[in-house]
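K.L.:
quick one, structure for this:
(chains A and B)
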Amino acid sequence: GESVGLHLPTLSVQEGDNSIINCAYSNSASDYFIWYKQESGKGPQFIIDIRSNMDKRQGQRVTVLLNKTVKHLSLQIAATQPGDSAVYFCADWRGGADGLTFGKGTHLIIQP
Amino acid sequence: DTGVSQDPRHKITKRGQNVTFRCDPISEHNRLYWYRQTLGQGPEFLTYFQNEAQLEKSRLLSDRFSAERPKGSFSTLEIQRTEQGDSAMYLCASSLQGHYNEQFFGPGTRLTVL
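P.N.:
Next up, the predicted model:
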């Protein structure tokens, strides 16, 4: 069954503000947690991942936080831009002969 | 363009027909994955190859689904006797050896079964 899921189907933020997209997971055996961005009509685009033994990882304008105590991870996008408008998925990978397991996605809407 | 490519981008077929989709992975990637995505949902893992070997196929949705990667490069996904419930986006992804958590997706093939 599904092991990752997102809290909100839609998130609306003002351009220039920071966005925080949340995800809960249930499988403690996941090796990695990954965030993908999917624009309309396109395939998912890899944003950033975090290994399960880490708490935080930063990329360009994005930060992923992993809280293993409450089985929660988040994606923070700094200074949100119109090009950030998309559906964001969290996924996990358990290693070995498995594909990624995706949650349902949060649609990030940027308001001018 | 050195990303994952898929062909066709759109396919409309009548119920009962067979369809075949092609995926060309990033050239140096040895793993290739197939996923299915229905409207409003995240992608669902179907099967994957390491080089030409299909190492996981228990997630294929039924025996009407089959996939091949004969020379370890491109792959095909075939659906026989299509049903309306097969309408979805079929996504292909590839990853580099040792970086299997970083899967790079193609644009997908959108299948509509009438």
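
K.L.:
after the lowest-mean-pLDDT helix or strand in chain B comes which helix or strand?
P.N.:
Taking mean pLDDT, DSSP states H and E as the measure, strand B:53-56 is the helix or strand of chain B with the lowest mean score, a mean of 85. Using DSSP states H and E, the helix or strand that follows strand B:53-56 towards the C-terminus is strand B:65-68.

K.L.:
close to chain A, is the helix or strand that that following strand is followed by?
P.N.:
Toward the C-terminal end, the helix or strand that comes next after strand B:65-68 (DSSP H and E) is strand B:75-79. No: residues of strand B:75-79 contacting chain A under Cβ under 8 Å from any Cβ of the partner chain: none, with a closest distance of 13.8 Å. Yep, even glycine has a C-beta here, placed from its N, CA and C like the rest.

K.L.:
for strand B:75-79, the distance to its chain's centre please.
P.N.:
Computed by Cα atoms, centre = their mean, to the nearest Å, the separation of strand B:75-79 from the middle of its chain amounts to 7 Å.

K.L.:
please save the CA atoms from it in CSV.
P.N.:
Taking only C-alpha atoms (Å, rounded to 0.1, in the frame of the first residue of the first chain), the coordinates of strand B:75-79 have been written out as CSV:
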residue,chain,number,x,y,z
SER,B,75,12.3,-0.5,-23.9
THR,B,76,8.8,-1.2,-25.1
LEU,B,77,5.6,-1.5,-23.0
GLU,B,78,2.8,-3.4,-24.7
ILE,B,79,-0.8,-3.6,-23.6
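
K.L.:
which strands or helices does that strand pack on?
P.N.:
Using 3 or more Cβ pairs under 8 Å, 6 or more residues apart in numbering or on different chains; DSSP states H and E as the contact criterion, the elements in contact with strand B:75-79 are strand B:19-24, strand B:31-37, strand B:65-68, strand B:88-95.

K.L.:
what ranges does chain A have for its helices?
P.N.:
In chain A, no helices are found when defined by DSSP state H.

K.L.:
now the least confident helix or strand of chain B: buried residues?
P.N.:
Buried residues in strand B:53-56, counting neighbours by 16 or more other Cβ atoms under 10 Å in any protein chain shown, are found at B:54, B:56.

K.L.:
do the same with stretch A:75-90
P.N.:
Buried, per 16+ other Cβ under 10 Å, within stretch A:75-90: A:75, A:77, A:80, A:84-90.

K.L.:
turn those residues into a markdown table, including pLDDT and distance to A:Ser26.
P.N.:
What follows is those, written out as a markdown table (pLDDT from 0 to 100; distance: Cβ to Cβ, whole Å):
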| residue | pLDDT | distance to A:Ser26 |
| --- | --- | --- |
| A:Leu75 | 97 | 18 |
| A:Ile77 | 98 | 25 |
| A:Thr80 | 97 | 29 |
| A:Asp84 | 97 | 28 |
| A:Ser85 | 97 | 29 |
| A:Ala86 | 97 | 25 |
| A:Val87 | 96 | 21 |
| A:Tyr88 | 96 | 19 |
| A:Phe89 | 95 | 16 |
| A:Cys90 | 94 | 12 |
